[in-house]
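[1] what would the 3D arrangement of this be:
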Amino acid sequence: MKAGPRNSITDISALRVGHAQDDALKSGATVLTADAPFIASVHIMGGAPGTREIALLDPDKSVEGVDALVLSGGSAFGLDAASGVLSGLRAQGRGFAVGDMRVPIVPAAIIFDLLNGGQKDWGDNPYAALGRAALDAAGEDVTEGSVGAGTGATTATHKGGLGTASVVLDDGVTVAALVVANPIGTVVTPAGKFWAAQSEFGEEFGGLGGDPASYGATRLPLKTDVGEGANTTIAIVATDAKLTKAQAKRMAVAAHDGMARAIVPSHTPMDGDLVFAVSAGDKQGDPLMVGHAAATCLARAIARAVFMATPADGDVLPCFRAL
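    Sure thing, here's the model as predicted:
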């Protein structure tokens, strides 16, 4: 396996990503879309998810293709980012045909970032506008770190963020991940290494090798230690292999292994940990290897999210690279 040319989810040629954020708010939205509907499913393992249009992604539901996926800050308020994306797609003539109407299908998930030091005293909910702006900005280049839905993300010990990573398998299939890392737990070990170090390609998050002794620690920092319960890691894993909706569901399930490799603890009752899975291509691939690659990419993307975070006024936690 090797990283794709951009080491990004847009190494899957059909996909585009857009960000929008408000630096004073310390929050934002990120949109994944394509020129045509794509197969998508989802798996949730956290105890406190915030979602929209998720039931449609079950393999037994009738809608096969979605027009966009939205990742947003703002907790329940951030679900309104999907409304802005919906309006933008409708203006483009996109959506599921119902008679002479078209209804864009836009599932969404949010993180809780309301206690991150940003200005949250808005009058009108700002997230619909952020969602529309993120859709309008969608392209091949994916900025990482403190951008889009990852603008105000935090972990137990460091500023979180948004990350992406990709891999090209030996059969030519590409698999990739896009993630907003905002867990109650840690992405970095007590010795200052990344839990995901075993999955690193080259030095994409600093070449910091593993710290086996800290894997046996019985007590690690949590956000709740300092009174903050602002949690959840949300992700998209994608491939250009042709998958059924059921196979995409299994890809999402497998990808959660990558979350567990990169975040300690993960999938807690206070996190809404969720993975969307996307098939946007027609290559022939092995679903087993696609799932394995999705887990590897997600672990790497989570470490990238923290590694690429940048400081801003009013931050409540330090950036990894500033220490």
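
[2] all contacts plus neighbour counts: C-alpha atoms, from now on.
    Will do.

[3] so who does Phe96 touch?
    Contacts for Phe96 (CA atoms under 8 Å, 6 or more residues apart in numbering) come out as Arg102, Val103, Pro104, Ile105.

[4] let's see it at 6 Å
    Neighbour list for Phe96: Arg102, Val103, Pro104 [criterion: CA atoms under 6 Å, 6 or more residues apart in numbering].

[5] buried subset of those as a ChimeraX selection?
    The following ChimeraX command selects only the buried members of those, with burial defined by 16 or more other CA atoms under 10 Å:
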select :103,104
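
[6] dump the contacts of Phe96 to a markdown table, plus distance to Asn125.
    Below are the contacts of Phe96 laid out as a markdown table (distance: CA to CA, whole Å):
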| residue | distance to Asn125 |
| --- | --- |
| Arg102 | 26 |
| Val103 | 23 |
| Pro104 | 21 |
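
[7] out of the contacts of Phe96, which one sits closest to Thr33?
    Distance to Thr33 across the contacts of Phe96 (CA to CA) is lowest for Pro104, with 11.4 Å.

[8] residues in contact with the strand or helix carrying His292?
    Under the criterion of DSSP states H and E, His292 resides in helix 287-307. The contact list for helix 287-307, computed with CA under 6 Å, 6+ apart, reads 145, 160-166, 176-177, 181, 196, 205, 251, 254-255, 257-259, 262, 320.

[9] then stretch 110-129?
    Contacts for stretch 110-129 (CA under 6 Å, 6+ apart): 24-26, 50, 71-75, 78, 80-81, 83-84, 230-232, 314.

[10] quick one: buried residues of the helix holding His292?
    Result for helix 287-307 [16+ other CA under 10 Å]: buried residues 287, 290-307.

[11] so which residues of the stretch 1-150 of the chain form helices?
    With DSSP state H, counting those that start in this stretch, the ranges of helices along the stretch 1-150 of the chain come out as 75-78, 81-91, 127-136.

[12] dump those to JSON lines, plus distance to His43, mean pLDDT and mean neighbour count.
    Shown next, in JSON lines, are the helices of the stretch 1-150 of the chain (distance: least, CA to CA, whole Å; pLDDT from 0 to 100; neighbours: other CA atoms under 10 Å):
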{"stretch": "helix 75-78", "distance to His43": "19", "mean pLDDT": "96", "mean neighbour count": "21"}
{"stretch": "helix 81-91", "distance to His43": "19", "mean pLDDT": "96", "mean neighbour count": "22"}
{"stretch": "helix 127-136", "distance to His43": "23", "mean pLDDT": "98", "mean neighbour count": "25"}
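
[13] including distance to Val63, could the ones you listed go into TSV?
    Below are the helices of the stretch 1-150 of the chain laid out as TSV (distance: least, CA to CA, whole Å):
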stretch	distance to Val63
helix 75-78	24
helix 81-91	16
helix 127-136	22
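
[14] direction included, what does the helix or strand where Ala238 lies pair against?
    Here Ala238 sits within strand 234-241, counting by DSSP H and E. The pairing partners recorded for strand 234-241 under DSSP bridges are strand 174-181 (antiparallel), strand 274-283 (parallel).

[15] quick one: contacts of it?
    With CA under 6 Å, 6+ apart as the contact definition, strand 234-241 has outside contacts at 12, 173-180, 273-285.

[16] likewise stretch 168-186?
    1-4, 9, 150, 153-156, 160-167, 222-223, 231-241, 263-265, 297-298, 302.

[17] list only buried entries from the residues you listed.
    Counted by 16+ other CA under 10 Å, these give 3-4, 9, 150, 153-156, 160-167, 222-223, 231-241, 263-265, 297-298, 302 as buried.

[18] pretty sure Gly46 sits against Val275.
    No. At 10.1 Å, Gly46 and Val275 do not qualify as touching, with contact defined as CA atoms under 6 Å.

[19] between those two, tell me which one has more neighbours.
    When Gly46 is set against Val275 and neighbours are counted by other CA atoms under 10 Å, the residue ahead is Val275, at 29 against 18.

[20] need the pLDDT of that one.
    Residue-level confidence at Val275 comes out at 98, pLDDT.
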